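In: Here is a sequence together with a model predicted from it:
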Amino acid sequence: MDLSDSTLLDIHRRMVRIRTFETEAGKLAEAGKIPGALHLYVGQEAIAAGVMSQLSNQDWITSTHRGHGHLIAKGGEFGPMFAELYGRATGYCKGKGGSMHISNMDLGMLGANGIVGAGPPIAVGAAFTLKYRESDNVTVTFFGDGASNEGSFHEAANMASLYKLPLLFVCENNGYGEYTPQESHQAILDVADRASGYGMPGVVVDGMDAIAVYESVHAAIARAKSGSGPTLLECKTYRFFDHVGVRGMGLAYRTDEELAEWQKRDPIHMFEARLQELGVLSADQAKAIHEEILSAVQRGIEFAESSPMPDPATLLEDVYA
Amino acid sequence: MQIGIIANPNAGKDIRRLTAGASVSSTEEKVAVVRRFLAALCSSCCPDIHYLDDSGGIVRSALRSLGIQGQELDVQSEGLSTDSECAADKLRGVDLVVSLGGDGTNRAITKGWRDIPLIALSTGTNNAWASMTEATSAGIAAGHIARKHLDEQAISVKSKVVHVSFDDNRNDSLALVDVVGTHDKFTGARAIVDPEQYAFAVVTQADAAKIGMVGVAGACMQVRADEKRGAALTFNVENETSRTVRTAIAPGLVRDVRIVSCEELRFNQCKSFSGPMVVAFDGEREEYLAKDQTVNCVVKQDGPRLFDVSATLREASRLGLLTIGRSREVSSA
């Protein structure tokens, strides 16, 4: 696949925006400045960037409890994102959603979700809407290896395939359902194997390689837009931070050696190295991009910290059910 | 009698399920294949089984379900192609190895033990080398092969290998079927799906009945697996196309391919190609070649001894080795 330099730089920028935001958010969480639990996306950036670089605001996504990366890659601004994490009135959900319920309909981000496996059924409804309206857009639902054990995933996969909906099931398999290793919660090696049970293709993808993700998503979108129905893409990946926060609760459920092995395949480092070989991005240009994005993140934090808390009188506003 | 088993859980799961409609080979199906192989093998002999405890637990599951004891190789399985390579290296000296995978899996195995004695059961995608063979038949054949009471020349082929070297300090490499240079910028999803990106190919076989680059070459010439030669092709040079062939570049994917040249490559004759390009081995993009870098390809016949299950069983039948107890002539009247 012949990708233009601008597409490559766009993928790179989306990954760096996620990494920088999440790294700084992690510091704030550890310092006790952000309330609640943060599930950070560091290590998994290639997936969000590889997917979202091919979507428009009219394409919809459903996210997970680890959803900041999805919204950033979909075009989310740092200011209202940090404000939401801080619970401020200027946040994307007016400070009432927080990390695990952040959403923005204008960007086509139908919501992070604190319930494991709750996204796929919502995505089926969204994809059905697109098909009903004869739209040329697609829906993407992100979920994890643990969520693929939930009935909600299986029901959604069945309906999506039955109705040949324009839907991509993107499983971000980071090897752990919270703190439980995959081999302890499911009897299969590859979640992609589940696709054949619902009559759709299932593909295993290197989730640390943004171009491997891009190429697979490109093919799945083409299939969806041709009316052939959904695809299950299982992206093998790893979370560099703990399940919650950066260091988490210090549980010994994985080893430092395992983490170090995966960090050797850091998606941003690998991509930058290749872009430099191709002459698309110099080391100095990469450094400038990182610095520019860090400045933008810091402005976003300042925006959040200077924003007001929601007025208690608005507590029951924007409640749907 | 010692038999090794290497199963690749990653085989048959890449993007070609999507771009080409290639068959899916689930981990559970691979367990079933190994079960069938073992059940047939152990019906007539009790070999020592040495196996890679692959990341999918394929062989372990099959052994356990049949109540067969096997000896696990001392390999830390990481779900990478190096698992198969390390396992093959550890298996040196056994009578026969059985592999489950595609051409890529068998390439990894060959990197670990170049002249390995092998039955290759296809669970991959493009399989110019591994054959679609029923595992039960392979299990019966394996017993006869490991006993070494059949003429090896009659039931096996000494495989060819493309030896690959680079003009920098990276390690040499090899391929069993093809080395392909493409104009892609990235290794990405590994599989080669766009013939417009082809730059060159060196193949050990050319056969119009096969899928992938072997089939592309086969549209121009024929080179059998046992012939002492290979072929080299170049593609897609503007205004220099000598012919366009319509052929299956992957299962379910028939495309027009613009060929500039297709010529015989004698043993030990070196073909060199310069970058920039991505170099693929047995169907998977793997190495980057910069503008000033060169890759050198030489075909030799020093690869695995690949056993033919059908030929083995026919030979065993001819010698009366499939008859139990005292035989008596069967009249056709």
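Out: On my side now, so go ahead.
In: so who does the closest residue to B:E264 other than its chain neighbours touch?
Out: Nearest residue to B:E264 in three dimensions, chain neighbours excluded: B:R229, at 5.5 Å (C-beta to C-beta, 6 or more residues apart in numbering or on different chains). C-betas here are computed from N, CA, C, even on glycine. By C-beta atoms under 8 Å, 6 or more residues apart in numbering or on different chains, B:R229 lies in contact with B:223, B:264-267, B:299.
In: Could you check how far B:R229 is from chain A?
Out: 34 Å (C-beta to the nearest C-beta, to the nearest Å).
In: which phi and psi does that residue have?
Out: phi -170, psi 170 (degrees, to the nearest 10).
In: what's the spacing between it and B:M221?
Out: B:R229 sits 10 Å away from B:M221, going by C-beta to C-beta, to the nearest Å.
In: Repeat that for B:L121.
Out: Note on B:L121: its distance to B:M221, by C-beta to C-beta, is 29 Å.
In: go on, B:A280?
Out: With C-beta to C-beta as the criterion, B:A280 and B:M221 are 21 Å apart.
In: of those two, who's got more company?
Out: B:A280 (26 against 16; other C-beta atoms under 10 Å in any protein chain shown).
In: which phi and psi does A:R13 have?
Out: The phi/psi pair for A:R13 (degrees, to the nearest 10) is phi -60, psi -40.
In: For the closest residue to it other than its chain neighbours, give me its contacts.
Out: Once flanking residues are discounted, A:R13 sits nearest to A:I289: 6.5 Å by C-beta to C-beta, 6+ apart. By C-beta under 8 Å, 6+ apart, the contact set of A:I289 is A:12-13, A:16, A:281.
In: Name the member of those residues with the most neighbours.
Out: That'd be A:H12 among those, by other C-beta under 10 Å, with 23 neighbours.
In: Would you confirm that it belongs to a helix?
Out: Yes - assessed with DSSP: H, G, I helix; E, B strand; the rest coil, A:H12 lies in a helix.
In: Could you report the neighbour count for the nearest residue to it once chain neighbours are set aside?
Out: The shortest distance from A:H12 to any non-neighbouring residue, by C-beta to C-beta, 6+ apart, is to A:F271 (6.0 Å). By other C-beta under 10 Å, the residues close to A:F271 number 25.
In: between B:R229 and B:M221, what contacts are shared?
Out: B:E264.
In: Which strands and helices lie in contact with the biggest strand by length in chain B?
Out: Secondary structure of chain B read by DSSP state E shows that its longest strand is strand B:253-266. Counting contacts by 3 or more C-beta pairs under 8 Å, 6 or more residues apart in numbering or on different chains; DSSP states H and E, strand B:253-266 packs against helix B:213-218, strand B:229-235, strand B:243-250.
In: Next, the buried residues of the first one.
Out: Applying a neighbour-count criterion of 16 or more other C-beta atoms under 10 Å in any protein chain shown, one finds B:213-218 buried in helix B:213-218.
In: Who are the contact partners of residue 310?
Out: As the question left the chain open, I've gone with chain A. So A:P310 contacts A:87-89, A:94-96 (C-beta under 8 Å, 6+ apart).
In: The intended chain is chain B.
Out: Neighbouring residues of B:S310 by C-beta under 8 Å, 6+ apart: B:133, B:137.
In: thinking again about what came up before, chain A: which of the buried residues of helix B:213-218 is nearest?
Out: B:M213 (18.6 Å; C-beta to the nearest C-beta).
In: wait, that closest one sits on B:V177?
Out: Yes - at 7.3 Å, B:M213 counts as touching B:V177 under the criterion of C-beta atoms under 8 Å.
In: what touches both of the two?
Out: In contact with both B:M213 and B:V177: B:128, B:203, B:283, using C-beta under 8 Å, 6+ apart.
In: Out of those, who's the most crowded?
Out: B:V203 (31 neighbours).
In: thought that one was touching B:V214?
Out: Yes - proximity of B:V203 to B:V214 meets the contact threshold set by C-beta under 8 Å, at 5.7 Å.
In: List, out of the contacts of A:P310, those positioned next to chain B.
Out: Among the contacts of A:P310, proximity to chain B is found for none (C-beta under 8 Å from any C-beta of the partner chain).
In: In helices, which of those appear?
Out: Using DSSP state H, no member of the contacts of A:P310 falls in helices.
In: Select only the buried ones of these in PyMOL?
Out: Entered in PyMOL, the line below selects the buried ones among these, by 16+ other C-beta under 10 Å:
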select buried, chain A and resi 87+88+94+95+96
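In: Next to chain B, which bits of the stretch 51-200 of chain A? Give me the list.
Out: Taking C-beta under 8 Å from any C-beta as the contact definition, the stretch 51-200 of chain A meets chain B at A:188-190, A:192-193, A:195-196.
In: again, only using 6 Å
Out: Residues of the stretch 51-200 of chain A lying near chain B by C-beta under 6 Å from any C-beta of the partner chain: A:189, A:192-193, A:196.
In: What subset of the residues you listed is buried?
Out: By 16+ other C-beta under 10 Å, those give A:189, A:192-193 as buried.
In: So which of those belong to helices?
Out: Per DSSP H, these never map to helices.
In: can I get the residues you listed in TSV with pLDDT and distance to A:K236?
Out: Below are those laid out as TSV (pLDDT from 0 to 100; distance: C-beta to C-beta, whole Å):
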residue	pLDDT	distance to A:K236
A:L189	92	10
A:A192	96	10
A:D193	94	13
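In: Would you mind putting the CA coordinates of stretch A:132-142 into CSV?
Out: Output in CSV follows, covering the C-alpha atoms of stretch A:132-142 (Å, rounded to 0.1, in the frame of the first residue of the first chain):
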residue,chain,number,x,y,z
TYR,A,132,-30.8,2.3,7.1
ARG,A,133,-29.9,5.8,6.0
GLU,A,134,-27.9,4.3,3.0
SER,A,135,-24.9,6.2,4.3
ASP,A,136,-21.4,5.5,3.0
ASN,A,137,-20.0,5.7,6.6
VAL,A,138,-18.9,2.9,8.9
THR,A,139,-18.9,2.3,12.7
VAL,A,140,-16.0,0.9,14.6
THR,A,141,-16.3,-0.7,18.0
PHE,A,142,-13.3,-1.2,20.2
